[in-house]
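Undergrad: no letters, just coordinates:
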């Protein structure tokens, strides 16, 4: 599997986790309560950094890599059968689900919406099982892809980001920003994460579903294209976000934040990256 290499300063800044923002810019930066944060744009300019190379759990931001691996392995029209084990897995430990039922058959396209909008652990389990094949093989693909991308401080233990008995999964804000750059190069990924609502009509293969995106930044701030929310008790509230601003794509990451505050903070960081001011 070949992964395109980012050129120039964008790759350097993300790969090494640059945190040295010019003093004049840093003095004007908004207050960020998240424990880790990173903002960079497509020119390679780093607009904000806060402990961006610290290895921490990233909750459901893990599903960005899950979607990326699936999109490189599968055709969107392929059909996956949901099993009782997929449903049971998602029911454990308070994981978010897409409300899937055992026996229903959904396309990869629809399962990606189930994965990314309501953050369904049932969809994550079904996709990992189908495209490992088997979850251990799929997790190995996730980690192999991370290494090839240059995500030096990222390690996956499952496809959904929920705590495991080993609880050894981790990443960094800088690595998550780089992962988002790769994922957003795939048109299907960009389409999925940019959708506020996705409806699946009832057929003989599956019941009807309506999935709403947990990313409240969509529709709140101009130019936002996604990407993913996450939460576990250990990781706190997480947000990976991206927006088109002034001909550039700005990507930001907030880890270990509070729920609603992360969206307001992301909006302020986007405005900071383009030299604008948000009042209130």
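TA: Received the coordinates, thanks. Since the model is a prediction, treat every value here as computed from it, not as a measurement.
Undergrad: residues making contact with stretch 123-141?
TA: For stretch 123-141, the external contacting residues (C-beta atoms under 8 Å, 6 or more residues apart in numbering) are 63, 66, 69-70, 73-74, 80-83, 85-86, 89-90, 98, 100, 108, 111-112, 114-115, 156-160. For glycine as for every other residue, the C-beta is placed from the backbone atoms N, C-alpha and C.
Undergrad: which of those residues fall within strands?
TA: Applying DSSP state E to the contacts of stretch 123-141, the entries found in strands are 80-81.
Undergrad: among the contacts of stretch 123-141, name the buried ones.
TA: Among these, the ones that count as buried by 16 or more other C-beta atoms under 10 Å are 63, 66, 69-70, 73-74, 80, 82-83, 86, 89-90, 98, 100, 108, 111-112, 114-115, 156-160.
Undergrad: ok, the residue nearest to residue 198 when sequence neighbours are not counted to residue 84 distance?
TA: Closest residue in space to residue 198, ignoring its immediate chain neighbours: residue 113 at 4.1 Å, by C-beta to C-beta, 6 or more residues apart in numbering. Distance, residue 113 to residue 84, by C-beta to C-beta, to the nearest Å: 22 Å.
Undergrad: quick one: low-confidence ranges for the stretch 1-150 of the chain?
TA: 1-27 (pLDDT under 70).
Undergrad: can you map out the helices along it?
TA: Assigned by DSSP state H, counting those that start in this stretch, the helices in the stretch 1-150 of the chain fall at 8-16, 23-28, 62-73, 84-91, 108-116, 121-131, 135-149.
Undergrad: and residue 208, how many neighbours?
TA: By other C-beta atoms under 10 Å, 9 other residues sit near residue 208.
Undergrad: does the residue of the chain most remote from its centre count as helix, strand or coil?
TA: In the chain, the residue that sits farthest from the middle, by C-alpha atoms, centre = their mean, is residue 204; the gap is 31.8 Å. Using DSSP: H, G, I helix; E, B strand; the rest coil, the secondary structure recorded for residue 204 is coil.
Undergrad: roughly how far apart are it and residue 111?
TA: Counting by C-beta to C-beta, the gap from residue 204 to residue 111 is 18 Å.
Undergrad: one step back: ok, residue 113 and residue 84, which is more surrounded?
TA: Higher neighbour count among residue 113 and residue 84: residue 113, with 25 against 10, using other C-beta under 10 Å.
Undergrad: pretty sure the more buried one sits against residue 194.
TA: No - in this structure residue 113 lies outside contact range of residue 194 using C-beta atoms under 8 Å: 11.2 Å.
Undergrad: can you give me the end-to-end distance of stretch 87-97?
TA: 8 Å (C-alpha to C-alpha, to the nearest Å).
Undergrad: sorry, slip of the keys, the one I care about is stretch 250-270.
TA: Stretch 250-270 end-to-end distance (C-alpha to C-alpha) = 7 Å.
Undergrad: equivalent analysis for stretch 160-169, please.
TA: 11 Å.
Undergrad: please apply the same query to stretch 151-169.
TA: 13 Å.
Undergrad: let me know the average pLDDT across it.
TA: The average pLDDT for stretch 151-169 rounds to 89.
Undergrad: could I get the buried residue list for it?
TA: 151, 153-154, 156-163, 169.
Undergrad: now those residues in TSV, with distance to residue 261?
TA: Formatted as TSV, these follow (distance: C-beta to C-beta, whole Å):
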residue	distance to residue 261
151	27
153	25
154	25
156	27
157	28
158	27
159	28
160	24
161	20
162	23
163	23
169	24
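Undergrad: report the angle between the axes of whichever strand or helix holds residue 177 and helix 62-73?
TA: Following DSSP states H and E, one finds residue 177 within helix 173-183. Between helix 173-183 and helix 62-73, the angle comes out at 30 degrees (axes from the mean of the first three to the mean of the last three C-alpha atoms, to 10 degrees).
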